[in-house]
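**Q** A predicted structure for the sequence below; I have some questions about it.
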Amino acid sequence: MFLKDTDTLLTTLTKAQAMNDYRHMAKCFLDLGTAYRDAGRTTKAIYYLKRFDNLVGGDDDLYEAFDKQDSQAMQWIEELEALQEPYEKSMQSQVAALSEELSDLQKVQWLLLTMSRFCSLFDRISALEDFEGFEKLSEVVDLICEGLYGRLDTDDADDIWEVLDDYDELLEDVFDSEVMSDYTQSIRIPDQPDFVPADLESGDIGTYYFGMAFAAMQSFIFDTEGQLPGCSDLSTANLKEPAEMEFAACGILADYYYRTSDTELKDIPQIQEETARIFSDHTFVKSAPDYAAFRERIDTYKTIMLV
């Protein structure tokens, strides 16, 4: 009975998504989350309840319509996560704890290594309506990489700041828009289910962590007056605000697998590979890599497809 009910709900959800019918999408997310919760399928329940909360929380009309249900969903999420912490959330906690032993430069390096692995995915996403410009992530990663080693021309500070600031605004505009709930836009992944923008949430607020990481890196390579420092050694430089290091684990892209697979995340090869890269990067930045070694790893990561 459970499988039959969820199959019916998933079919209804697919139809609602095809029409961008957000009210029916919200109801389906909630109903699926409830069904998986009642069946003891904790991680699936958390995924659909969070999709429900994310959708209604970003729309005043939906929130008004589902206010009480959203409060219930948030309570259920808290209870379920206490029973079984989601894999991606556990990884984010581990990353945050490990980062405490790092200098600010090493923290920014770790964040940038993760961000570089989004380049191939963002290059494909840029073909979608409303995502034009996302392919510039590769250029932005290069600028930050050069900045961390003092290799940017100080005379170009204003132009570099403008490039980074424009990209930051693009991310904010897209990540805060309803296009993130538009399931009619997708990109093909060879021999796998398509990828949709909502999959970038990586379990909860992955897009928020992405934006915060980008802002931290941008501010790190500039001084308080918006200029590039005239020295090449940033080993003792400080972040202007504490970095939210959880982004270093956001390459897991949990939501893609919650949406498309019933396999536990820890058993999925792509997740295992990304987990290994996360911990490897921590060891790598602790070794104080020189520019050549860091640049080589960045260039390799740019070719990786996270899903």
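**A** Nice, thanks for sending it over.
**Q** mind listing the helices for the stretch 1-150 of the chain?
**A** For the stretch 1-150 of the chain, the helices defined by DSSP state H, counting those that start in this stretch occupy 2-18, 22-38, 42-57, 60-65, 67-83, 87-99, 104-116, 119-125, 137-148.
**Q** which intervals of this structure have sub-threshold pLDDT?
**A** 1-4, 202-205, 224-225, 230-233, 235-236 (pLDDT under 70).
**Q** Could you list the domains of it?
**A** 2-83, 87-301 (automatic domain parsing).
**Q** any chance of those in CSV, with mean neighbour count and distance to residue 307 too?
**A** (Each C-beta comes from the backbone N, C-alpha and C, glycine too.) Output for the domains of the chain, formatted as CSV (neighbours: other Cβ atoms under 10 Å; distance: least, Cβ to Cβ, whole Å):
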stretch, mean neighbour count, distance to residue 307
domain 2-83, 17, 16
domain 87-301, 18, 5
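**Q** Helix, strand, or coil at residue 193?
**A** Here residue 193 is recorded as strand under DSSP: H, G, I helix; E, B strand; the rest coil.
**Q** just residue 188 next, same as before
**A** Residue 188 is classified as strand under three-state DSSP.
**Q** wouldn't it be in contact with residue 194 here?
**A** Yes: between residue 188 and residue 194 there is a contact under Cβ atoms under 8 Å: 5.9 Å.
**Q** And residue 117, its phi and psi?
**A** phi -80, psi -10 (degrees, to the nearest 10).
**Q** OK, contacts around it?
**A** Applying Cβ atoms under 8 Å, 6 or more residues apart in numbering to residue 117 gives the contacts 251, 274, 277, 301-302, 304, 306.
**Q** ok, the closest residue in space to residue 263 that isn't next to it in sequence to residue 35 distance?
**A** Distances taken as Cβ to Cβ, 6 or more residues apart in numbering place residue 257 nearest to residue 263, at 7.3 Å, with adjacent residues excluded. Separation of residue 257 from residue 35 (Cβ to Cβ, to the nearest Å) stands at 19 Å.
**Q** Next: residue 24.
**A** 16 Å.
**Q** ok, which pair from the contacts of residue 117 is furthest apart?
**A** The distance between the two most remote of those (Cβ to Cβ) is 14.9 Å, for 274 and 302.
**Q** what does stretch 147-154 contact?
**A** So stretch 147-154 is contacted by 105, 108-109, 112, 143, 146, 160, 220-222, 227-234, 291, 294 (Cβ under 8 Å, 6+ apart).
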